[in-house]
Structures are given as C-alpha cells and as structure tokens.
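Q: All I have is the shape, not the residue letters:
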C-alpha cells in the first residue's frame with residue numbers, strides 16, 4: 001500500500017511517517033520546501049506540492065491508495081483541505097484518515113476548530129472511505145514551557161478550572177497508523193484523548209513529582225496572556241487561541257468514558273498518562289542541560 005502523508009513534517013506527521021516505515025509501508029510525503037524533506041526518515045519518497053496549488057496534487061497522488069492528512073492552523077486551512085479532498089476524490093483514493101480536533105462537530109466559536117468542520121463535511125460528501133481522528137490538547141505543547149517548568153517551577157496555561165483530557169502525540173500517530181492499516185475503521189470518528197481529565201493544578205503536580213520540588217500552577221489572565229502570546233505567534237493567532245482557552249475555561253475539554261474506550265480500542269493499549277509524559281519530559285530536559293544540543297524542543301502541531 002502506497003500511502004501519501006500530507007503534513008509529514010509536523011509533530012504528529014513525523015511520528016506517523018516513522019511508524020509507517022517501521023511497518024514496511026511505502027510512504028510518500030508531500031512537502032513544499034526541500035529543507036523540510038531533509039527531516040524525514042530514509043526510504044520516504046518525496047513529492048513536491050502545495051495544497052494551495054491544487055494543480056500540484058495529482059502527481060503526488062499517482063499510484064497512492066491511502067492518504068493521511070492534517071493541515072497547519074492558518075487562515076488558509078479550510079481552503080487547503082478542500083483542495084486536497086477534491087484531488088483525493090479524482091484520484092479515487094481507497095482510504096483517507098484526516099486529523100481534525102475534538103468538538104469539531106460542535107458550535108464552539110473557536111476559529112481553529114471551525115476551520116476543520118468544512119473539511120470533514122467535504123470528505124463525507126465525497127464518498128471516500130474515511131476515518132476522522134479528533135485529538136484533544138497535546139502533552140507536547142508543554143515543551144514550549146521547558147524553562148518555566150524545570151527552572152522556575154511554574155506551570156502557567158490559561159486552563160482556568162477546566163479539566164482537559166490531554167493526549168500524547170505519539171499515541172495520536174500510532175492510532176492514525178492503525179486507522180490506515182487495519183480494517184474496521186471506515187466511517188468512524190475517534191476522539192484521541194488521554195485516559196484522564198486533568199486540571200492545570202493536576203498537571204503541575206505531575207511535574208512536581210519528578211522534579212522533587214513544588215510546581216506552582218496559575219492560570220494567567222487572558223488579556224495579559226494574549227498580549228504576551230502575540231509577540232511570538234502574531235495578533236490574529238493569539239486572539240484565536242484566546243478564544244480556545246475561554247472555551248476550555250467555560251466548559252473544559254474532557255472526553256467521555258465512551259470516547260476514551262473507543263480510542264483505547266483503536267490504539268490497542270492504554271494511552272500514555274500525564275505522569276508518564278512528565279517523567280520522560282523531565283528526564284529529557286535534565287539530559288539536555290547536561291549535554292546541550294542546538295535544538296531539543298520539537299515543534300508542537
């Protein structure tokens with residue numbers, strides 16, 4: 001089975017490509033810059049293309065049977081997705097796995113959630129065999145706070161009092177591999193969530209247990225958070241992410257027991273817990289302090 005991966009160089013996509021290659025799957029990655037192709041494992045075929053330029057997609061889909069796709073959060077996300085779905089339909093792809101987001105089917109008002117809903121609808125309407133993978137908030141987003149957690153012993157994400165069923169990107173990638181390579185997942189949507197819903201205080205306690213020191217949690221005021229975030233993600237993105245955190249504070253972002261069981265069935269084992277992730281992160285950060293590297297923080301998808 002030749003599988004095209006759209007979004008192959010992100011946190012989830014790169015892990016997915018690695019796992020597919022371990023299974024001996026013939027992988028082609030869609031990239032639009034040669035520099036990103038250098039990050040991919042040996043044996044991965046590279047296809048130059050851009051989902052904003054639909055004329056570049058048919059060559060990338062030649063001889064492809066299966067497709068995994070995700071798109072970067074941007075003002076063009078929906079357009080990229082719809083272009084890709086149109087190309088997949090013309091190519092008569094056998095199966096597509098699309099990574100969306102939990103609560104995409106609800107009217108959340110969160111721009112980076114609602115941008116994915118038209119893509120899901122287009123896939124359903126296309127008649128293609130599909131599986132939707134809808135992840136929760138990623139553990140790996142905490143890599144951005146390495147110094148705050150490990151040096152200042154502070155964990156500050158504006159979750160408020162909301163409880164979040166966060167998930168490890170490695171589990172999301174492994175679930176995507178199973179959805180691509182196993183039968184029985186057609187027409188299904190899976191919430192990709194961890195096995196527990198945790199508050200910001202719970203997450204701080206998980207890190208404290210492996211640091212050996214108390215880690216203070218505080219939920220920054222959203223006005224101040226947005227102002228600071230705009231410095232590195234831009235005003236538009238900071239405003240959109242603020243809306244997401246307002247939603248988390250009002251409603252939380254917990255998965256149901258049913259969702260958790262369905263994801264565990266797809267994954268084939270219990271998802272990684274926050275405690276497991278915290279232990280690995282603290283060990284990795286300690287190692288990087290002893291042996292500094294040019295870059296130790298993978299980008300969050």
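A: On my side now, so go ahead. Since the structure is predicted, the reported quantities are computational estimates derived from the model, not experimental observations.
Q: could you pull out the helices for the stretch 151-300 of the chain?
A: 169-181, 200-211, 222-233, 235-251, 257-267, 274-290 (DSSP state H, counting those that start in this stretch).
Q: Tabulate the ones you listed in a markdown table, adding columns for mean pLDDT and mean neighbour count.
A: From N, CA and C alone the C-beta is placed, and that goes for glycine too. Output for the helices of the stretch 151-300 of the chain, formatted as a markdown table (pLDDT from 0 to 100; neighbours: other CB atoms under 10 Å):
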| stretch | mean pLDDT | mean neighbour count |
| --- | --- | --- |
| helix 169-181 | 98 | 24 |
| helix 200-211 | 97 | 19 |
| helix 222-233 | 94 | 14 |
| helix 235-251 | 96 | 17 |
| helix 257-267 | 97 | 17 |
| helix 274-290 | 92 | 16 |
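Q: Of all these, which one is nearest residue 97?
A: helix 169-181 (4.7 Å; CB to CB).
Q: Report all helices and strands that the closest one contacts.
A: Counting contacts by 3 or more CB pairs under 8 Å, 6 or more residues apart in numbering; DSSP states H and E, helix 169-181 packs against helix 11-22, strand 66-69, strand 95-99, strand 130-135, strand 188-192, helix 257-267.
Q: of these, which approaches residue 289 most closely?
A: Using CB to CB, those put helix 11-22 closest to residue 289, at 22.3 Å.
Q: Which one, of the helices of the stretch 151-300 of the chain, ends up nearest to residue 147?
A: helix 274-290 (8.8 Å).
Q: Test my guess that residue 161 contacts residue 250.
A: No - using CB atoms under 8 Å, residue 161 is not in contact with residue 250, being 9.9 Å away.
Q: hang on, the earlier thing: now distance to residue 287 too, for the helices and strands packed on helix 169-181, in CSV please.
A: Listed next are these as CSV, based on distance: least, CB to CB, whole Å:
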stretch, distance to residue 287
helix 11-22, 20
strand 66-69, 31
strand 95-99, 30
strand 130-135, 27
strand 188-192, 28
helix 257-267, 27
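Q: among these, which is nearest residue 43?
A: helix 11-22 (5.8 Å).
Q: quick one: contacts for the closest residue to residue 249 other than its chain neighbours?
A: Residue nearest to residue 249 in three dimensions, not counting chain neighbours: residue 160, with 3.3 Å by CB to CB, 6 or more residues apart in numbering. Neighbour list for residue 160: 200, 219, 245, 248-249 [criterion: CB atoms under 8 Å, 6 or more residues apart in numbering].
Q: re earlier: got the helices of the stretch 151-300 of the chain as TSV, with distance to residue 60 columns?
A: What follows is the helices of the stretch 151-300 of the chain, written out as TSV (distance: least, CB to CB, whole Å):
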stretch	distance to residue 60
helix 169-181	17
helix 200-211	39
helix 222-233	29
helix 235-251	28
helix 257-267	27
helix 274-290	34
